[in-house]
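Asker: My questions are about this predicted structure, shown below with the sequence.
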Amino acid sequence: MHTDEYAISLYRELSMSRKRVERIRSALHAMEKRYGRSTEDFLCAPESGQPGESNSDFRAWREHAHALQRWEQRLREFQEIYRQLR
């Protein structure tokens, strides 16, 4: 049995998760645009370390890509729980 407070909290988590996914996607898009390749290509290729490219950029890009997977999974879980409540 659930309460309205439970549904409200779950909806808040859903909203926060959606926003987080969108922010991460935006950051990934910026990296793709900056380096002229997709995140998928970046993750599959060894880091090239071309002049002028920052290792910290590559590290952040990889971290964002992995974070997106985690947050999308979390979002799917929240959506499934929310769907079951309705």
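Answerer: That came through, no problem.

Asker: Give me the helices and strands touching the helix or strand where residue 28 lies, please.
Answerer: Under the criterion of DSSP states H and E, residue 28 resides in helix 4-35. Identification of packing neighbours for helix 4-35 by 3 or more Cβ pairs under 8 Å, 6 or more residues apart in numbering; DSSP states H and E yields helix 39-44, helix 55-85. Bear in mind the C-beta positions are built from the backbone N, C-alpha and C, glycine included.

Asker: Looks like residue 32 contacts residue 26 (just checking).
Answerer: No. Counting by Cβ atoms under 8 Å, residue 32 does not reach residue 26; the two are 10.7 Å apart.

Asker: Just want to know which of those two has more residues nearby.
Answerer: Per other Cβ atoms under 10 Å, whichever of residue 32 and residue 26 has more neighbours is residue 32, with 16 against 10.

Asker: ok, so what distance separates residue 19 from residue 86?
Answerer: Relative to residue 86, residue 19 is positioned 21 Å away (criterion: Cβ to Cβ, to the nearest Å).

Asker: ditto for residue 73
Answerer: Relative to residue 86, and taking Cβ to Cβ, residue 73 is found at 21 Å.

Asker: So the two - more neighbours on which side?
Answerer: Higher neighbour count among residue 73 and residue 86: residue 73, with 11 against 5, using other Cβ under 10 Å.

Asker: now the residue nearest to the spatial centre of the chain, nearest residue through space, not along the chain?
Answerer: Nearest residue to the geometric centre of the chain (Cα atoms, centre = their mean): residue 68, 2.2 Å. Leaving aside its sequence neighbours, residue 68 sits nearest to residue 24 (Cβ to Cβ, 6 or more residues apart in numbering; 4.6 Å).

Asker: Quick check: pLDDT value at residue 4.
Answerer: pLDDT recorded at residue 4 is 84.
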